[in-house]
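Participant: This is a predicted model, with the sequence first.
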Amino acid sequence: GNSVTQMEGPVTLSEEAFLTINCTYTATGYPSLFWYVQYPGEGLQLLLKATKADDKGSNKGFEATYRKETTSFHLEKGSVQVSDSAVYFCALEYGNKLVFGAGTILRVKS
Amino acid sequence: GAGVSQSPSNKVTEKGKDVELRCDPISGHTALYWYRQSLGQGLEFLIYFQGNSAPDKSGLPSDRFSAERTGGSVSTLTIQRTQQEDSAVYLCASSSRSGSKTGELFFGEGSRLTVL
């Protein structure tokens, strides 16, 4: 079926380090792909999305490229900040809904 | 309101009791979703409303779970005869869904349910 697999966390980085959170998917066709972020005490919010192969989504210094060859949508940021500490969820669109991964906790220390 | 509002934010109940969780979506959003977030399990889809109809309720885990939406706005998720495995955070989301595309989901902060 349609599913998303994310790297397990927590991921702990020092400020200004490079971030990669891996996400791979299994799907029929080419669904839209998303990254959502949940900051402490807040609801999930859309971080970025890509709707077709080779699209790159970007927002707040984060980027992810839709790779159909490797069925991946890895999240990257060149220099993380303490304020990026949150839970990150990869998701794909399937039918009427979004299917989410298990989430990856990111902790950034100063 | 400006965002998706959920109540209660926290609910502690005894096994076997019924609970109701409420969601007030963003005004004008026709699509409404319920998800469940359990520790280490990610977000599990429960049900999707378009207007007052629920074309996809495939994620409801058992017949103890039900949901309704009235006036194309507020939704209530009801869990009857709660069990300890129902303990989780229940998230509501809404979107201005257009055609076949899900669109951006706007989430509430969730209702944390603890069943003793």
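Facilitator: Nice, thanks for sending it over. Bear in mind the structure is a predicted one, so any value in this text is a computation, not a measurement.
Participant: got the residues of chain B near chain A?
Facilitator: For chain B, the contact set with chain A under Cβ under 8 Å from any Cβ of the partner chain comprises B:3-4, B:33, B:35, B:40-43, B:45, B:48, B:50, B:55-56, B:91, B:93, B:101-102, B:104-110. Every C-beta, even on glycine, is put in place using the N, C-alpha and C of the backbone.
Participant: so of those residues, which ones are in strands?
Facilitator: Helix and strand membership here follows DSSP state E; of the residues of chain B next to chain A, those in strands are B:33, B:35, B:42-43, B:45, B:48, B:50, B:55-56, B:91, B:93, B:106-107.
Participant: ok so, going back, which among the residues of chain B next to chain A count as buried?
Facilitator: B:3-4, B:33, B:35, B:42-43, B:45, B:48, B:56, B:91, B:93, B:102, B:104-110 (16 or more other Cβ atoms under 10 Å in any protein chain shown).
Participant: List the neighbours of the strand or helix carrying A:Val4 that are in contact with it.
Facilitator: Assigned by DSSP states H and E, A:Val4 belongs to strand A:3-6. Strand A:3-6 has contacts (Cβ atoms under 8 Å, 6 or more residues apart in numbering or on different chains) with A:21-27, A:88-92, A:99-104.
Participant: Those in helices, which ones?
Facilitator: Judged by DSSP state H, those include no members of helices.
Participant: filter the residues you listed by proximity to chain B?
Facilitator: Restricting the contacts of strand A:3-6 to those near chain B - Cβ under 8 Å from any Cβ - leaves A:Phe89, A:Val99, A:Phe100, A:Gly101, A:Ala102, A:Gly103.
Participant: which residues pair with the second one across the strands?
Facilitator: Read that as A:Val99. Under DSSP bridges, the beta-bridge partners of A:Val99 are A:Leu92.
Participant: I figured it hits A:Asn2, correct?
Facilitator: Yes. Using Cβ atoms under 8 Å, A:Val99 makes contact with A:Asn2 at a distance of 5.5 Å.
Participant: between these two, which one's more packed in?
Facilitator: Neighbours were counted for A:Val99 and for A:Asn2 using other Cβ atoms under 10 Å in any protein chain shown; A:Val99 has more, 23 against 15.
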